[in-house]
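**Q** sharing a model prediction with you, sequence too.
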Amino acid sequence: MPVVDEATFRRKALELVARIPAGRVVTYGQLALLAGNPGAARQAGQIMHSLAGSDLPWQRVINAQGRVSTHKLGFGDLQERLLQAEGVVFGPSGRCDLGKYQWWPDEEKAATPERLF
DNA sequence: ATTATGACTCTCA
DNA sequence: ATGAGAGCCATAA
């Protein structure tokens, strides 16, 4: 059973998305976990679905395989371009290195010098 | 109340 | 590496 109510879950999820630095990404499952509802990766996606046209960096949310999950929806191409514009590199299989770009909240406190570029 | 539907994720074959 | 299948959880019908 959920650890937090839907409203809270959604609020925290959006909060997290807003904090993702350019050039970094987070997964749906990760978002669900951090928002207080482990296992609710689908809801994370559901929330993103409702973000159409918002000012949030929705493009920085991808699936656990390091691939964008929006090709079926038609704008997967756009999402990849936006990310590449921020420095994220996608391999020929349309996959990027999560170990390298995945972002975690606590990183804000610790400086993350190199890595990028 | 029940069913259908996903911007999901794991586990196997 | 690729794909099917089964959990998962909330929303819309």
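**A** Yep, that arrived.
**Q** residue in chain A nearest to DNA strand C?
**A** Of all residues in chain A, residue A:2 sits closest to DNA strand C, at 3.6 Å by C-beta to the nearest atom of the strand. The way it works is simple: take the backbone N, C-alpha and C, and place the C-beta from them, glycine included.
**Q** wouldn't residue A:96 be in contact with residue A:87 here?
**A** No - counting by C-beta atoms under 8 Å, residue A:96 does not reach residue A:87; the two are 10.3 Å apart.
**Q** just to revisit the earlier point, ok, how many other residues are close to the residue of chain A closest to DNA strand C?
**A** Neighbourhood size, residue A:2 [other C-beta atoms under 10 Å]: 14.
**Q** and it, what element?
**A** Using DSSP states H and E, residue A:2 is not contained in any helix or strand.
**Q** name the nearest residue to it, ignoring sequence neighbours.
**A** Setting aside the residues directly before and after it, residue A:2 is nearest to residue A:37 in space (C-beta to C-beta, 6 or more residues apart in numbering), at 4.9 Å.
**Q** again with residue A:30
**A** Nearest to residue A:30 is residue A:102, by C-beta to C-beta, 6+ apart, at 7.3 Å.
**Q** tell me the residues of chain A that contact DNA strand B?
**A** Within reach of DNA strand B by C-beta under 7 Å from any atom of the strand, chain A has these residues: A:27-30, A:41-46, A:48-49, A:51-52, A:58-59, A:61, A:63-65, A:69-70, A:72-73, A:79.
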